[in-house]
Structures are given as structure tokens and as C-alpha cells.
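Visitor: Sequence unavailable; structure follows:
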């Protein structure tokens, strides 16, 4: 019969207390070191913020020069800049459908969830943004908006003559415009009603007697950490209410495996509608229906037509 080995005395270890100071074996207290996963996520935020700053500082003078030179190089460089921003943020973009291209300018009417929308749309649509004039006064953000050749408008039901003239000039010059008819962002769970006043731009004749085409676009963030988003995880992307930009960026920049899907629906001709409100309602129904399909992770198919 063999003798059993004597048991070794157990060493009592004090568990590490998350978020506080932790006691050492000698009775002293040492600072808490975040778990590796949290540390990596925070380093990811710092790395992305630094890369965005360097990328913007490098691109700003180039775009500034291209804006004053003749030609369309500024448009291509603008898309190049926004695609770089998506890459830095680790955001992939899936595109379903095609942008209208029959020679007439296009006003893209898009659902609005987050500041990320600007990166996604700017990198994949040949168009300039229409934004509220307050953005032109924000530090740093105003520089970025300038890179996207943004048109600023006042938050009124009707635009001033100067703003209408600028938008008409942009469209007449062959520029397309991106419009957020909701007038604000949401949590991504639904598309808010469109404000018909924003559709006044579709009544501007720019090519002969023809107004620009209106192309509805559904934009949904459908992947997070490589998995399909649900009602709760989708709110990670939403920038709404009283959220400040810095806090939302800190939260979002920690994530990986993000994807946005752009669903480009068939363009609408304002001449086919009896009124601006009818056009506005049709565009909203199409964008909302397409967004529902994307949120339910069903195969997306472009929609179109006043009957939708």
C-alpha cells in the first residue's frame, strides 16, 4: 500500500477587484490594471482617433487645392477621403442596387442614423451633402464637412434665396446632392417621417425644364462584431437625442466587425407626382420598407415606383 503525498498548504490569493485598488500579498495596495480586453478596446479608440486626425490633416490641403482648380478631381478625392475614414473605423460597406445615371442630377434621400452615415455615403455616392448651417461652425467637423463639399442650409421650412441658388447651381453643374429628409437622427429602429419642406429642392428645374431625379436610399448598420445586429445592438450605431459626438465616438470606435448596407432604390421622377407631398410620401415609404428588410436580415431588393 503506497503512502499518499502530504497536501501542500493552499496559498490564499486576494481576487483582483475590478475598477478599484487591489491589495498585494505584502499588504500594500497597487493600482488596478484593466483586463486585456478592455485595454485593447481603449487602445483601439486611441489608434483610430490618431489615424483620423493624421488622415484629415494630410487630405485637407490637397482637397483645398482641388476645390479651387477646374475639373472634377475634387469629387473623386472626396470619395477617396471618406472611404479612408471607413477603413480607419473598421467599417465595411455593402451596396445593393445602382445609383441613377441617365444624365440628370440626382437628389439622394437617405435615412439618417449616425455621423457614420456621412462616411458611408460620402465614400460610395458621387454627391455633396446638404447639412444644417450649425455644422459649419463646429471645430474640426467643419473642416471635414468642407472636404465633402457640403452645402449648408438654415433650419427653416423654406430655404433662403441664396441657399436655393447655391443648390440649383450645384445641380446645374452636374453635382448630385445627399439629403436627410428626417431632419434629425434616430436610434436606427425605424425611419422617421420625412419633412416635405426638404423636398422643395426636387422642384428646381436644372436640365431644361426637368427637375432632378429623387433616388431613395435605405441605410442600415447590419453587422457588429461580425454578427447580425438586433434591436439592442443596432443602437450602438445610433447618434441621437442629447448624445455628444466625443462620447459616441469613444463607444463606437471600440467595436470591430462593423458593416453598413446601402440599398439604392429605383429613382423617382418628380414629374410623375401630383405634388411635393406625394413625392415625399412615396420616398419615405420606399426608404422605410427597404430599411425594414435590412433590419430583418432578409435578402435586400431595390424598390421603386409611386405604388410602394
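Guide: Thanks, I have the structure now. Keep in mind it's a predicted model, so treat the numbers as computed, not measured. Residues are numbered from 1 along each chain as shown.
Visitor: could you list every residue that touches the residue nearest in space to the middle of the chain?
Guide: By Cα atoms, centre = their mean, the chain has its centre lying nearest to residue 117, at 1.4 Å. For residue 117, the contact set (Cβ atoms under 8 Å, 6 or more residues apart in numbering) comprises 110, 180, 219. In this view, the C-beta of every residue, glycine as well, is placed from N, C-alpha and C.
Visitor: how distant is the helix or strand where it lies from the center of its chain?
Guide: Assigned by DSSP states H and E, residue 117 belongs to helix 116-124. Relative to the chain's own centre, helix 116-124 is displaced by 5 Å; criterion: Cα atoms, centre = their mean, to the nearest Å.
Visitor: now stretch 232-239
Guide: On Cα atoms, centre = their mean, the centre of stretch 232-239 falls 12 Å from the chain's centre.
Visitor: Ends of it, what's the gap?
Guide: End-to-end span of stretch 232-239 (Cα to Cα, to the nearest Å): 14 Å.
Visitor: Can you list the buried residues in it?
Guide: Buried residues in stretch 232-239, counted by 16 or more other Cβ atoms under 10 Å: 233-239.
Visitor: do the same with stretch 250-257
Guide: Neighbour-count burial for stretch 250-257, with 16+ other Cβ under 10 Å as criterion, is recorded at 252-255.
Visitor: Need these in a markdown table (columns: distance to residue 167).
Guide: Converted to a markdown table, the buried residues of stretch 250-257 look like this (distance: Cβ to Cβ, whole Å):
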| residue | distance to residue 167 |
| --- | --- |
| 252 | 31 |
| 253 | 33 |
| 254 | 38 |
| 255 | 35 |
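Visitor: Show me which of those is closest to residue 51.
Guide: Residue 51 has its nearest neighbour among those in residue 253, at 10.3 Å by Cβ to Cβ.
Visitor: Next up, the contacts around the closest one.
Guide: Listed by Cβ under 8 Å, 6+ apart, the contact partners of residue 253 are 44-45, 48-49, 89.
Visitor: one more time with 10 Å, if that's ok
Guide: Residues near residue 253 by Cβ atoms under 10 Å, 6 or more residues apart in numbering: 41-42, 44-49, 52, 88-90.
Visitor: now it: how far from residue 224?
Guide: Here residue 253 is placed at a distance of 13 Å from residue 224 (Cβ to Cβ, to the nearest Å).
Visitor: Please apply the same query to residue 110.
Guide: 20 Å.
Visitor: between those two, who's got more neighbours?
Guide: A count of neighbours by other Cβ atoms under 10 Å puts residue 110 above the other of residue 110 and residue 224, at 26 against 19.
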